[in-house]
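>>> Pasted the sequence and its predicted model underneath.
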2 protein chains.
Amino acid sequence: MTPPTDFTLWSQTLCKTLEDFLQQHLPDTSIVPQRLHEAMRFAVLDGGKRVRPLLAFAAGELVEAPVASLTVVAASIELIHAYSLVHDDLPAMDNDTLRRGKPTCHVKFGEALALLAGDTLQSLAFQWLSEFSLHPDPRQQRFMIHQLAIASGSRGMGGGQAIDLESIDSSLSLPELEAMHLKKTGALIRAAVLLGASCGQPLTASEQRHLSNYANTLGLAFQVVDDVLDAEMDTTALGKTAGKDAAANKPTYVSIMGLSQAKDFSRELLRTAHESLVPFSPRCRRLEELADFIVNRRS
Amino acid sequence: MTPPTDFTLWSQTLCKTLEDFLQQHLPDTSIVPQRLHEAMRFAVLDGGKRVRPLLAFAAGELVEAPVASLTVVAASIELIHAYSLVHDDLPAMDNDTLRRGKPTCHVKFGEALALLAGDTLQSLAFQWLSEFSLHPDPRQQRFMIHQLAIASGSRGMGGGQAIDLESIDSSLSLPELEAMHLKKTGALIRAAVLLGASCGQPLTASEQRHLSNYANTLGLAFQVVDDVLDAEMDTTALGKTAGKDAAANKPTYVSIMGLSQAKDFSRELLRTAHESLVPFSPRCRRLEELADFIVNRRS
């Protein structure tokens, strides 16, 4: 067995910090309505790669942000991500039964409760983001709440899902596919990076642009790799239903570019992501490593 | 025809202010994804009695709050209310086809888009509440966002809906029914009153308690009257499916107390609501009139 790398230790430590926060702050299953709180905890705990939280932590290192603030930001963004998966898996949407190697929320708790669990996880994200003092300047915190709301909404993640729905059985051009994913996956990944970087010292306008470019590029890379894995891997390895994009006749990077070109594209995006980070060297090491992790992952 | 009362003119003027804000700030249907934006606007515009917004405006008058701040608060709360109706009407929940005399959102736009419209209306509420400066002290605004998130979440409205789900075919006691409605309907009505009163001069602790009592009592009265109307009126008069609580075998104030006693109870709650307002006289006239309106309404 190879010893864990420095990056592995870093990510394990911060994932533990995140899990502890989630465990402690998600409503306890002894509180009424117990079954709803069970469903909320089921949807959030013990699952996922925690990519968005880790991006928030890593971006916070650029600006010497306190870990306490970053933990709240990371946890709130993960709630939004978790709620979107619960709703996305519902029969009216993707109708999926397997997520992270477990039954999906509606399979375990029923459709109505899964719907409510998603709804209340979204509320909880904004509750947490407004509960703790995250920055000495309270206007900065208001700005962060605003950014997360936009990223989640109809011009961000929710809008991307609506475009995705419309795209079934249609042929999108590459720019249209990119525009969809910049919203559907990109908006929340971008929010994770930008909110993490909002918790500390202010960035210059030029640094903002570079970081924004990193976040957009990485969001796209994340989706290209998702499409490649969906085409290449089996359901057991993924922990979610594989091949479902093709089965649903949804346009993907693989269906439009072909598998080999999609892989090349993900490596090209990785290079661009690294280049965007140059002005932050050496404080950007974790963001670089996360980009590598996202592009080289196997599930 | 009787001439409009002063209260009617007041509420018409502020409803117009609200509608103008909603019209202007809801995403335009020319913006991608157009169909989602159509569904969001359909769910919010031209409908409802706007009780929660009017409560926010009326509570703002207690503390000399600026109408501009109150309009944002009123609109944000109405978005939460509208999203909850869209999700509540879905086949997985109440499976209702008629709302405010129109087809429900999922009947018109399909289940998947209705789900997303609800989701993104919730995001938009928090977007608006963090977009504009609502109070000279930004910490007060953070507090307001926090209050709305709690009122919407698993220990507020969303939690009340989960308890409601569980109550089908079961027999709740009167205290259990009351506890459910304090969350399901009461939490957002309470938030409307308290957020409106947060936009101006601070209240004393004693005034806070009185206002809180008014809000809780009114939330309950609202639900008792809803149950009475559901039992007494027909679908055309209500603009939504009548008699559905009895059909779904859901416990209501009418099923537990009987019709006549439920009516008496609503009048008793109205008296209590009025009494809670005594310390605010005469600035509480609109809150008194709204309580009368809520209890005496016929739809």
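Arrived safely, thanks for sending.

>>> quick one: A:Ala92 from B:Arg285, how far?
Using CB to CB, to the nearest Å, A:Ala92 is found at 46 Å from B:Arg285. For every residue, glycine as well, the C-beta is placed using N, CA and C.

>>> Likewise for A:Phe42?
For A:Phe42 relative to B:Arg285 (CB to CB), the value is 49 Å.

>>> the more surrounded of these two?
When A:Phe42 and B:Arg285 are compared on other CB atoms under 10 Å in any protein chain shown, the one with more neighbours turns out to be A:Phe42, at 21 against 16.

>>> At the geometric centre of chain A, which residue do we find?
Centroid-nearest residue in chain A, with CA atoms, centre = their mean: A:Arg52, separated by 4.3 Å.

>>> any idea which element that residue lies in?
helix A:51-62 (DSSP states H and E).

>>> which strands and helices sit next to that helix?
The contact analysis (3 or more CB pairs under 8 Å, 6 or more residues apart in numbering or on different chains; DSSP states H and E) places helix A:51-62 against helix A:6-25, helix A:67-88, helix A:186-197, helix A:205-232, helix A:285-296.

>>> so how far is that helix off the chain centroid?
11 Å (CA atoms, centre = their mean, to the nearest Å).

>>> Let me know the angle separating it from helix A:205-232.
For helix A:51-62 against helix A:205-232, the angle by axes from the mean of the first three to the mean of the last three CA atoms, to 10 degrees is 160 degrees.

>>> Per-residue pLDDT of the closest residue to the residue nearest to the centre of chain A other than its chain neighbours, please?
Closest residue in space to A:Arg52, ignoring its immediate chain neighbours: A:Ala192 at 4.1 Å, by CB to CB, 6 or more residues apart in numbering or on different chains. In the prediction, the pLDDT value recorded for A:Ala192 is 98.

>>> Over to A:Gly101?
86.

>>> swap in A:Ala248?
Model confidence at A:Ala248, expressed as pLDDT, equals 72.

>>> Could you pull up phi and psi at it?
The phi/psi pair for A:Ala248 (degrees, to the nearest 10) reads phi -90, psi 0.

>>> Verify the stated contact: A:Ile77 with A:Arg190.
No - using CB atoms under 8 Å as the test, A:Ile77 is too far from A:Arg190 to be in contact (10.6 Å).

>>> Return the most buried member of the helices and strands packed on helix A:51-62.
Mean neighbours per residue, mean count of other CB atoms under 10 Å in any protein chain shown, is largest over the helices and strands packed on helix A:51-62 for helix A:186-197, with a mean of 27.

>>> pLDDT-wise, which helix or strand of chain A ranks last?
Ranking every helix and strand in chain A by mean pLDDT, DSSP states H and E puts helix A:235-238 at the bottom, with a mean of 65.

>>> what's the following helix or strand after it?
helix A:244-247.

>>> So which elements touch the very next helix or strand once past that following helix?
Per DSSP H and E, helix A:244-247 leads on to helix A:253-257 as the next helix or strand towards the C-terminus. Here helix A:253-257 touches helix A:174-184, helix A:205-232, helix A:259-276, going by 3+ CB pairs under 8 Å, 6+ apart.

>>> between the longest one and helix A:285-296, how big is the angle?
Helix A:205-232 and helix A:285-296 meet at an angle of 30 degrees, taking the same axes, to 10 degrees as the criterion.

>>> Point out where chain A drops to low pLDDT.
Residue ranges of chain A with pLDDT under 70: A:1-4, A:235-240, A:242-243.

>>> If we use 50, what do you get?
By pLDDT under 50, chain A contains no weakly predicted segment.

>>> So A:Val67 is in contact with A:Lys16, correct?
No - here A:Val67 does not reach A:Lys16: they are 11.8 Å apart, not a contact under CB under 8 Å.

>>> What residues does the stretch 151-299 of chain A have near chain B?
A:152-156, A:158-159, A:161-163, A:165-166, A:179 (CB under 8 Å from any CB of the partner chain).

>>> Tell me, how many residues neighbour A:Ser260?
For A:Ser260, using other CB under 10 Å, the count is 10.

>>> Angles on the backbone of A:Ser170, please.
phi -120, psi 160.

>>> can you pull the contacts of the residue lying closest to it once chain neighbours are set aside?
Leaving aside its sequence neighbours, A:Ser170 sits nearest to A:Pro251 (CB to CB, 6+ apart; 7.2 Å). By CB atoms under 8 Å, 6 or more residues apart in numbering or on different chains, the residues touching A:Pro251 are A:167, A:170-172, A:177.

>>> Tell me which two of those residues sit farthest apart.
Distance extremes for the contacts of A:Pro251: the farthest pair is A:Ser170 and A:Leu177 at 10.9 Å, using CB to CB.

>>> Between those two, point out the one with more neighbours.
Applying other CB under 10 Å to A:Ser170 and A:Leu177 shows that A:Leu177 carries more neighbours, namely 25 against 10.

>>> Name all residues that make contact with that one.
By CB under 8 Å, 6+ apart, the residues touching A:Leu177 are A:251-253, A:256.

>>> measure it to A:Ala205 for me?
A:Leu177 is 30 Å from A:Ala205, by CB to CB.

>>> contacting residues around the spatially closest residue to A:Ala74 that is not a sequence neighbour?
Nearest non-adjacent residue to A:Ala74, counting by CB to CB, 6+ apart: A:Pro53, 3.5 Å away. Counting by CB under 8 Å, 6+ apart, A:Pro53 makes contact with A:14-15, A:18, A:74-75, A:77-78, A:192.

>>> from those residues, which single one is nearest A:Ser266?
Nearest to A:Ser266 among the contacts of A:Pro53, with distances taken as CB to CB, is A:Ala192, at 19.2 Å.
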